[in-house]
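Enquirer: Show me how the following folds:
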Amino acid sequence: MSDEERRDSLADQAAAWVPPWDRPRPPTRPASPDSPDSPENLGSEGPPAGPDPSKISSPGEAAKPGERAEGAESDTAGDSGRADVPKRSTGGRRRPAPAPEPAPVLDDAELRGALEAILLVVDEPVSELTLAQVLEQSPERIGPLLDDIAAGYTAGGHGFELRRAAGGWRLYTRPEYATYVERFVLDGQSVRLTQAALETLAVVAYRQPVTRSRISAIRGVNCDGVLRTLVSRGLVEECGAEPDSGAFLYRTTTMFLEKLGLNSVDELPPLAPFLPDDVEELADATR
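Expert: This is a model prediction of the structure:
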């Protein structure tokens, strides 16, 4: 076949070609969906059907990926039957504080022994409130028991006694045995205060808080050395400074109250019987 004949043949074929969708369809017989020869399985020669226009959504109506995921999760939760189960939230809640441990129950004998043990080691009077806090007992129970212990020591004729002093309780040796105690503890050391020290101590006791210059003015002599002695003995201590002059102020100590057997300086005897005749001059000197 020549080239011209071949071109004519191809042109005739192209002119006679009919698109598949324009070709007549052969008659079809109804078939079940499960049949392998059904059109759904074999397909059709026609153009593929497009999506339903009613189901086409605009770009603005398209679901976001996050929304689709949330919908899927809700569907899954509904299918599993666990969507209605409430979740227990622990945020914002505080655990209740543990209940305090109950105070130990002590009978009178055990509490009495505990009080005696503490009183043997204290170096200054201890109050009933402090003892109650340490032993975790009520102060109303501590006070009467201390009175009972003190009465028992006195009735038993012991060489020591439990005495209330300086706002607290402490064990002391009895005055009738003071000579033996001094002989053992002091070993020949002089414990008596000089007359100058006693006078200076009296001025501090009745005029406290008082400055060193006022003490010297009342006594009429320099009291620096005597005041240092009283401080070293633990009978007098510094307690701040005077606002105007900045001079140190002095007052008596707890040991001073213990030595005199007093609870406070308010129990000191009145000063009026001991005042000199020239009391007006003395008052002027202290101003």
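Enquirer: how about A205, secondary structure?
Expert: When classified by DSSP: H, G, I helix; E, B strand; the rest coil, A205 comes out as helix.
Enquirer: show me what contacts it?
Expert: Residues near A205 by C-beta atoms under 8 Å, 6 or more residues apart in numbering: T252, F256, V265, L268. Where you see a C-beta, it was placed from the backbone N, CA and C, and this is true even at glycine.
Enquirer: Put together CSV for those residues, with secondary structure and pLDDT on each row.
Expert: Converted to CSV, the contacts of A205 look like this (DSSP: H, G, I helix; E, B strand; the rest coil; pLDDT from 0 to 100):
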residue, secondary structure, pLDDT
T252, strand, 94
F256, helix, 92
V265, helix, 88
L268, coil, 89
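Enquirer: Out of those residues, who's the most crowded?
Expert: For these, the largest number of neighbours (other C-beta atoms under 10 Å) sits with T252, at 23 neighbours.
Enquirer: Can you tell me the closest non-neighbouring residue to F248?
Expert: In space, F248 comes closest to E238 once its chain neighbours are excluded; the distance is 5.2 Å by C-beta to C-beta, 6 or more residues apart in numbering.
Enquirer: can you count the residues close to S216?
Expert: Around S216 there are 18 residues (other C-beta under 10 Å).
Enquirer: Checking my notes, L262 in a strand, right?
Expert: No: the assignment for L262, made by three-state DSSP, is coil rather than a strand.
Enquirer: didn't it look like it was pressed against A165?
Expert: Yes: counting by C-beta atoms under 8 Å, L262 touches A165, with 7.0 Å between them.
Enquirer: Name the surrounding residues that touch the helix or strand L119 falls within.
Expert: Taking DSSP states H and E as the criterion, L119 maps to helix 108-121. With contacts defined as C-beta under 8 Å, 6+ apart, helix 108-121 is touched by 106, 126, 131, 134-135, 137, 141-142, 145-146, 148-149, 162, 169-171.
Enquirer: at 6 Å instead, please
Expert: L135, L171 (C-beta atoms under 6 Å, 6 or more residues apart in numbering).
Enquirer: Equivalent analysis for stretch 226-233, please.
Expert: Outside stretch 226-233, the residues that reach it (C-beta under 6 Å, 6+ apart) are A196, A197, T200, L201, V236.
Enquirer: The last one - nearest residue in space that isn't next to it in sequence?
Expert: In space, V236 comes closest to L230 once its chain neighbours are excluded; the distance is 4.1 Å by C-beta to C-beta, 6+ apart.
Enquirer: Neighbours of the one you found, how many?
Expert: 22.
Enquirer: now do the one 10 residues further on
Expert: Other residues lying near G240 total 10 when counted by other C-beta under 10 Å.
Enquirer: quick one: secondary structure of it?
Expert: Under three-state DSSP, G240 comes out as strand.
Enquirer: ok, it to L230 distance?
Expert: Distance of G240 to L230, computed by C-beta to C-beta, to the nearest Å: 17 Å.
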